[in-house]
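[1] Generate coordinates for the sequence data below:
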Amino acid sequence: MKVVLIGYMASGKSAVGKLLAKETSLDFIDLDAYIEAKEKKSIPSIFKEKGEIYFRLREAEYLSELLNSKNSFVLSVGGGTPCYGKNMEMINSLTQSIFLKASINTLCKRLKNEKASRPLVAKISDEKLPEFIGKHLFERLPFYLQSQNSIQTDDFTIAEIVSKIKKTLV
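    Now for the predicted structure:
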């Protein structure tokens, strides 16, 4: 079984993925951490030194490597991963995909405390964050909505979200 969690930055993919993996006895993989290990650099360093295009090409390569492996796992992908190339098509053809939906307000609350580790929002003021997230979500939503399942995460605990996901797994 391969499960891929999709959603915007700070939607809870990593936190939910870790608990889901534990409860289903699967390995948990964070695609960003996998990329960092392979590239021997942090995601912010890759963006700064080589740019987003380089990053997106490597991201697709490593995603394909994982999805085509024989291993079972829960995989958390970056917020932009589904939006590039044929990533979403590949995810849906090889895994069970789940979109973790969170409201703009929820995402803003979470991202305000994590901006330093998020290259795409690091330089955006707290006042402009809702507008940026709204615009970004509008652009990314058509890709996220291609997921086979969708779970609303606002006002739910990680355990409650995992419980909802487990009910959708085949």
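
[2] So which residues of this structure form helices?
    For the chain, the helices defined by DSSP state H cover 13-24, 31-39, 43-67, 87-94, 104-112, 129-144, 158-168.

[3] winner for burial among the ones you listed?
    Mean neighbour count, computed with mean count of other Cβ atoms under 10 Å, is highest for helix 13-24 among the helices of the chain, reaching a mean of 20. C-beta coordinates here come from the backbone N, C-alpha and C atoms, glycine included.

[4] what sits up against that helix?
    1, 3, 5-7, 26-28, 30, 73-77, 100, 153, 158-159, 161-162, 165-166, 169 (Cβ atoms under 8 Å, 6 or more residues apart in numbering).

[5] chain center to it: distance?
    Helix 13-24 has its C-alpha centroid displaced from the chain centroid by 13 Å (Cα atoms, centre = their mean, to the nearest Å).

[6] average model confidence for that helix?
    Here helix 13-24 scores 97 as its mean pLDDT.

[7] what's the nearest residue to K2 if we skip its chain neighbours?
    Closest residue in space to K2, ignoring its immediate chain neighbours: T95 at 4.0 Å, by Cβ to Cβ, 6 or more residues apart in numbering.

[8] Against V4, how distant is that neighbour?
    Here T95 is placed at a distance of 5 Å from V4 (Cβ to Cβ, to the nearest Å).

[9] Give the residues shared as contacts by those two.
    67, 75.

[10] So for the residue nearest to K2, what's the pLDDT?
    96.

[11] Kindly report the same for V170.
    With respect to pLDDT, V170 has a value of 68.

[12] Please report how far the closest residue to V77 other than its chain neighbours lies from S103.
    Of all residues not flanking V77 in the chain, L31 sits nearest, at 4.6 Å (Cβ to Cβ, 6+ apart). Using Cβ to Cβ, one gets 24 Å for the distance from L31 to S103.

[13] try K164
    16 Å.

[14] shouldn't C83 be in contact with F143?
    Yes: C83 is in contact with F143 according to Cβ atoms under 8 Å; the separation is 4.6 Å.

[15] That concludes my questions; thank you for your assistance.
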